[in-house]
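Chemist: Next input, structure requested:
(chains A and B)
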Amino acid sequence: DAKTTQPNSMESNEEEPVHLPCNHSTISGTDYIHWYRQLPSQGPEYVIHGLTSNVNNRMASLAIAEDRKSSTLILHRATLRDAAVYYCILRKAGGTSYGKLTFGQGTILTVHP
Amino acid sequence: DAGVTQSPTHLIKTRGQQVTLRCSPKSGHDTVSWYQQALGQGPQFIFQYYEEEERQRGNFPDRFSGHQFPNYSSELNVNALLLGDSALYLCASSLVGGGADEQFFGPGTRLTVL
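Modeler: Residues are numbered from 1 along each chain as shown, chains lettered A, B, ... in the order given. Take a look at the predicted model:
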């Protein structure tokens, strides 16, 4: 399985943008890039995913490098509720939910008031 | 719409005992995956059930087994508990062929083995 590399931790101030990087230099052409986050004392929750083009949803934006070897999750205005562990995960394409999610250590995001 | 629910919330067992954890998927979902999360680590995939069969399995011993019922709910069984089995056990549900391809996680069951 292709692996991802994320910084162990990052800090941000409330209402400022946050850019969470992820390196995946061994990504294959059929790998989707998924982001999940885990708030304290909760199970992980889906944030966003993409293949080649940048993606936006109500929670965040995903910017994917042209060579797909890295990506960045962008929270446009961080809130205290965004403090969580953020996981960048590669997942094979297939259009189904078949298959596991392989979590790494993730990035611990701290948001200061 | 109820999301993924798990029971019990917390559980304390002793070494050698057996435990059963339960999961009800999000309404409309037909696939259930189980994960183990040790303290300070990311979740590790145990196995996935679809149509009452185990479809994929992670690197876990046979002491870990599961079942899916016709109503799509699922159980995780762990036999001969070891101290190292202490962890948060997460259940995630999804829909085969669902466009968003996302998994919805429950809050987990915290298992402590003494």
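Chemist: can we go C-alpha only for contacts and neighbour counts from here?
Modeler: Noted.
Chemist: From the contact counts, what lies against the helix or strand harbouring residue B:21?
Modeler: For residue B:21, the host element (DSSP states H and E) is strand B:19-24. If contacts are counted by 3 or more Cα pairs under 8 Å, 6 or more residues apart in numbering or on different chains; DSSP states H and E, strand B:19-24 sits against strand B:5-7, strand B:74-78.
Chemist: export these to CSV and tack on mean pLDDT, distance to residue A:8 and mean neighbour count?
Modeler: Below are those laid out as CSV (pLDDT from 0 to 100; distance: least, Cα to Cα, whole Å; neighbours: other Cα atoms under 10 Å in any protein chain shown):
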stretch, mean pLDDT, distance to residue A:8, mean neighbour count
strand B:5-7, 97, 29, 21
strand B:74-78, 98, 31, 20
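Chemist: so which of these gets nearest residue A:87?
Modeler: strand B:5-7 (22.2 Å; Cα to Cα).
Chemist: So for the helix or strand bottoming out on mean pLDDT in chain B, what gets flagged as buried?
Modeler: The weakest-scoring helix or strand in chain B, judged by mean pLDDT, DSSP states H and E, is strand B:53-57 (a mean of 90). For strand B:53-57, a neighbour-count test (16 or more other Cα atoms under 10 Å in any protein chain shown) marks B:54, B:57 as buried.
Chemist: Quick check: neighbours of that strand in the sheet, parallel or antiparallel?
Modeler: strand B:44-50 (antiparallel) (DSSP bridges).
Chemist: residues in chain B within reach of chain A, list them.
Modeler: B:31, B:33, B:41-45, B:47-48, B:56, B:90, B:94-99, B:101-108 (Cα under 8 Å from any Cα of the partner chain).
Chemist: Just the buried residues of these.
Modeler: Counted by 16+ other Cα under 10 Å, the residues of chain B next to chain A give B:31, B:33, B:42-45, B:47-48, B:90, B:94-95, B:101-108 as buried.
Chemist: residue contacts, the residue lying closest to residue A:54 once chain neighbours are set aside?
Modeler: Of all residues not flanking residue A:54 in the chain, residue A:63 sits nearest, at 4.7 Å (Cα to Cα, 6 or more residues apart in numbering or on different chains). Residues in contact with residue A:63 (Cα atoms under 8 Å, 6 or more residues apart in numbering or on different chains) are A:53-55, A:71-74.
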